[in-house]
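Colleague: Based on what follows, work out the 3D shape:
(one chain, ligands or ions: 2)
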Amino acid sequence: MKNEPRTILPNARLTPRFAGICTFGRYPLLEDVVESCRPVDWAIFGAPFDSGVTYRPGTRFGPRAIRTESQYLKPYHIEHDLMLTEVLSLADAGDSPVNPFSCETNARVIADFAKGLGDASTKLLMLGGDHSNTLATLRAAHARAGAPRGGLAMIHFDSHVDTVDMTLGEKYSHASPFIRAVEEGVLDPQRMLSIGVKGPLNTPDDLRYAREKGVTLVTYEQWRREGTKTIDAFLKKLGDDPTYLTFDIDCIDPAFAPGTGTPCLGGFTSAEALALLRHVATVAGPPNLVGADVVEVLPDRDVSGITALLAAHVAFEILCIDGLRRRGAR
Ligand code: MN
Ligand code: MN
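Modeller: Numbers count the residues shown, from 1 in each chain. Ligands and ions are numbered 1, 2, ... in the order given. Down below sits the predicted model:
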């Protein structure tokens, strides 16, 4: 017997992928989801805000570019043997309202929007925008997960640790989301894994906060030397803890993802990053994701949409992690 779809996609044989309103992955708009596909498991929304950047702006156009490149996303994952749309109800919730003039206000505006999306069980996948937007989505994901004491665990892909206290006199920017999240109690640094960190840095102090707070750091070079040893140990210890996955596209080598505002040379290839996400899904059983994002896509520096296309596929891999978990639970 054929399984009933949890997400109803347009038939690509009847409605071509280059036509129609451009939603992420051609998933339905949140308000258009039919009764049989409710409650929605994941609401995907854009955070078109980039006033928190320390270098080149433009990621406010990231959500649109990712949606455009996501039109060619197909629902069947070969490696996981997973038909994503049969296990998860997915919907595009549009873009959050933003305040482009204040990073601190914006984080409140986006958190309020994200807290109100879908049903109580609906999880959040944010498309950025700069990394300051993660503070907002983290707040909302933490609240929606029942506000666990001590905060959420986190799997963080990035060239940077993003735990700078003050930048140019400001406490809120894309360099600071995780120090603020720890202070607010929505993120537990001792259950935070940062993968792909690389230099050069402004000073050795840039890593001090993360080290003192017990963040597990896996630099890109360390991953090259030891493989996934430290990552695997972290994931095995993580168990079923509610976890947020954040993916800063600048962890990818700019040779593969040039469209970003603070590029760092010598990171993951596209293939390495996708393989690593598949590994995260399987090494210790799929982690209990309660929220996620893909951020820092800057279309005006992109080449042929390659960075936005990768971001769309990273979002798909993240959804497949939860898809695997759901399939296992049934
Ligand atoms: Mn970042
Ligand atoms: Mn970064």
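
Colleague: and the lengthiest helix in the chain, which residues are buried?
Modeller: Ordering each helix of the chain by length in residues (DSSP state H) puts helix 306-329 first. For helix 306-329, the neighbour count (16 or more other CB atoms under 10 Å) marks 306-327 as buried. Any C-beta I mention is one placed from the backbone N, CA and C, and that applies to glycine too.

Colleague: what packs against whichever strand or helix holds M154?
Modeller: For M154, the host element (DSSP states H and E) is strand 152-157. Applying 3 or more CB pairs under 8 Å, 6 or more residues apart in numbering; DSSP states H and E, we find strand 152-157 packed against helix 133-144, strand 187-197, strand 243-248, helix 270-282.

Colleague: Between strand 152-157 and the last one, find me the angle.
Modeller: For the pair helix 270-282 and strand 152-157, the angle between their directions (axes from the mean of the first three to the mean of the last three CA atoms, to 10 degrees) equals 160 degrees.

Colleague: by contact count, what packs against helix 270-282?
Modeller: Packing partners of helix 270-282 (3+ CB pairs under 8 Å, 6+ apart): strand 152-157, helix 229-238, helix 306-329.

Colleague: Any buried residues in that helix, and which?
Modeller: 270, 272-274, 276-278, 280-281.

Colleague: Let me have those residues in TSV, extended by pLDDT and distance to ligand 1.
Modeller: Formatted as TSV, these follow (pLDDT from 0 to 100; distance: CB to the ion, whole Å):
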residue	pLDDT	distance to ligand 1
S270	98	18
E272	98	18
A273	98	15
L274	98	19
L276	98	17
L277	98	17
R278	98	22
V280	98	18
A281	98	22
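
Colleague: What about S159, how many residues nearby?
Modeller: 28 (other CB atoms under 10 Å).

Colleague: Nearest to ligand 2 among the helices and strands packed on strand 152-157 would be which one?
Modeller: Among the helices and strands packed on strand 152-157, the nearest to ligand 2 by CB to the ion is strand 243-248 (4.1 Å).

Colleague: could you check whether the closest one is close to ligand 1?
Modeller: Yes - with CB under 5 Å from the ion as the criterion, ligand 1 is reached by strand 243-248 at D248.

Colleague: quick one: which of the helices and strands packed on strand 152-157 is nearest H77?
Modeller: For the helices and strands packed on strand 152-157, the distance to H77 is smallest for helix 270-282, at 8.5 Å, taking CB to CB.

Colleague: relative to strand 243-248, how tilted is that closest one?
Modeller: 180 degrees.

Colleague: Report the inter-axis angle for helix 270-282 versus helix 229-238.
Modeller: 30 degrees.

Colleague: Which strand residues bridge the residue lying closest to I155 once chain neighbours are set aside?
Modeller: Counting by CB to CB, 6 or more residues apart in numbering, I155 lies nearest to L245, which is 4.6 Å off, once chain neighbours are set aside. Taking DSSP bridges as the rule, L245 bridges to I155, A292.
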